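Undergrad: Sequence below, structure please.
(one chain, ligands or ions: 1)
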Amino acid sequence: MTMTLTHSSLALQGGPKTVRTEAGDLFRWPIITEEDEQAALEVLRAGKMSGIDVTQQFEEELAAWHGVRYALCHNTGTAALHTAMWACGVCSGTEIIAPSLTYWASAIPALSLGATPVFADVHRDTMCIDPRDIEHRITPRTRAIVAVHYCGYPCDMDPILDVARRHGVKVIEDVSHAHGGLYKGRLVGTMGDVGAFSMMSGKSLAIGEGGAFVTNDSELYERGLAFGHYERHRLVTDPALAALGGIPLAGVKYRMHQVSSAVGRVQLKYYSARMAEIQKAMNYFWDLLEGVPGLRAHRPAKDSGSTMGGWYAAHGLYRPDELGGLPIARFAEAVRAEGGICSPGCNFALHQHPVLNEADIYGDGKPTRIAHGEDVRQPTGSLPVTERMQEWVYNIPWFKHYRPECIEQHAAAYRKVAENADQLR
Ligand SMILES: *Cc1c(COP(=O)(O)O)cnc(C)c1O
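TA: Prediction:
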């Protein structure tokens, strides 16, 4: 089916386009039906936007879906991560260990707690934090490791949990890219001390603006309530925390908008089925590209018991040496000319950004990163895999439906460019 196309000339050089079928709603997300609309309208008509009753129902369902005791909703994923960090003891003069290759919210909230991130390198094939690059970075100041299941790929949790336990350090899973993903059969977000995630409308579990954390630990849950949920302080049983009731300890208000909770309840109901269809479609795309030079799937091995959840921000791995050194930008341009979807790179590396090196955000008279502890700044050259990752990855189409004909055309666009790479050099 794809083979017939591979030796025609590239669309970039005037040949026929490979992707001809209209995408329709193949990529549309989230899927919003009348049920979502009704749920949102109910909240609006009842004037319950700022209440917590719908949110608490959503939390029960989120906790049950994850098989954990507690879920605590927040108005953003950033807020959920900020809360999770403080709940885990991240405070002035302490450190977290996080990947530099991630969306900023996995690490930057630490700065507002007076703490600082120390970045570990990622593994080239998983794009996730490299478990071998964590232990030597642990100091007496380390409070937590943030494991980001990046672009849906589940982090190698066994060695991460092992290092953390041996050093008495908490593990925060950032599940913003991987809702519903499995690591060796275990649900992501439920293996560490706390799982935190975004549910903003671009994510695979998409409800509007919103985030949550899930945990089995009642102490972490109560600390979460005390940090940004003043209206629920009566639920705090710890006497020292309860004595501080009425004022959120962070001086922030993290309550979820109930239109988000209402839509979230509907989205969660259908999420497993929709995720299964995404998995079928995405795995089909990669199966079609098995063995194509220069290209590797970014997904765990089939017999590993691990999955990619909803394949948020789906990426592929690039091996330029197999294509005569063809730069990824040129490869991607040729795929796009075929009518395909491909753009080079991924999130920029945080450790090279001026906010992590120079910015004095809180007026300490020195860069915030080092205002309360050691100078842990990491110059260019210190995270070699992270720094080169932009050359080795590209985003791929994120299919929401299993429509073989369309998927075959998109895969054929990639195959055609890879097999004719010599024409581009
Ligand atoms: C989106 C995202 C967040 C932050 O979530 P918001 O809801 O946008 O605040 C955190 N971590 C990662 C890895 C993300 O992609």
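
Undergrad: List the contacts of residue 259.
TA: 40, 43-44, 49, 208 (Cβ atoms under 8 Å, 6 or more residues apart in numbering). In short, each C-beta sits where N, CA and C put it, glycine included.

Undergrad: could I get those as CSV with neighbour count and distance to the ligand?
TA: Listed next are those as CSV, based on neighbours: other Cβ atoms under 10 Å; distance: Cβ to the nearest ligand atom, whole Å:
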residue, neighbour count, distance to the ligand
40, 19, 18
43, 21, 19
44, 12, 22
49, 15, 18
208, 20, 10
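
Undergrad: all helices for the chain, in order.
TA: Using DSSP state H, the helices of the chain run over 34-46, 53-66, 77-87, 157-167, 218-228, 239-242, 258-288, 328-337, 384-388, 404-419.

Undergrad: Which one of the ones you listed lies nearest to residue 204?
TA: Taking Cβ to Cβ, helix 258-288 is the member of the helices of the chain nearest to residue 204, at 7.0 Å.

Undergrad: related to what we said a few turns ago, any idea which of the helices of the chain is most buried?
TA: With neighbours taken as mean count of other Cβ atoms under 10 Å, the helices of the chain reach their highest mean count in helix 77-87, at a mean of 28.

Undergrad: show me the contacts for the residue in the stretch 101-250 of the chain that the ligand sits nearest to.
TA: Nearest residue of the stretch 101-250 of the chain to the ligand: residue 198, at 2.9 Å (Cβ to the nearest ligand atom). Going by Cβ under 8 Å, 6+ apart, residue 198 touches 76-78, 80, 105, 176, 210-211.

Undergrad: measure the residue nearest to residue 53 when sequence neighbours are not counted to residue 21 for me?
TA: Leaving aside its sequence neighbours, residue 53 sits nearest to residue 258 (Cβ to Cβ, 6 or more residues apart in numbering; 7.8 Å). Look at residue 258 and residue 21: by Cβ to Cβ, to the nearest Å, they are 40 Å apart.

Undergrad: interface residues of this protein facing the ligand?
TA: 76-78, 81, 102-103, 105-106, 148, 174, 176-177, 198, 200, 211 (Cβ under 6 Å from any ligand atom).

Undergrad: what does the model give the residue nearest to residue 53 for pLDDT?
TA: Looking at residue 258, its pLDDT stands at 98.

Undergrad: surely it meets residue 46?
TA: No: Residue 258 is beyond contact range of residue 46, at 9.1 Å (criterion: Cβ atoms under 8 Å).

Undergrad: burial of residue 187, as a residue count?
TA: 22 (other Cβ atoms under 10 Å).

Undergrad: no, scratch that, I was asking about residue 390
TA: Residue 390 has 17 neighbours, counted by other Cβ under 10 Å.

Undergrad: Please name the nearest non-neighbouring residue to it.
TA: residue 345 (4.3 Å).

Undergrad: separation between that neighbour and residue 18?
TA: For residue 345 relative to residue 18 (Cβ to Cβ), the value is 23 Å.

Undergrad: Mind checking which of those two has more residues around it?
TA: residue 18 (26 against 16).

Undergrad: show me the contacts for that one.
TA: Counted by Cβ under 8 Å, 6+ apart, residue 18 has contacts 5, 11, 338-340, 409, 412-413, 416.

Undergrad: What is the nearest of these to the ligand?
TA: When the contacts of residue 18 are compared against the ligand (criterion: Cβ to the nearest ligand atom), the nearest one is residue 340, at 24.1 Å.

Undergrad: Next up, the contacts around that closest one.
TA: Residue 340 neighbours (Cβ under 8 Å, 6+ apart): 18-19, 397, 410, 413-414.

Undergrad: 7 Å instead, please
TA: For residue 340, the contacting residues are 18-19, 410, 413-414, by Cβ atoms under 7 Å, 6 or more residues apart in numbering.
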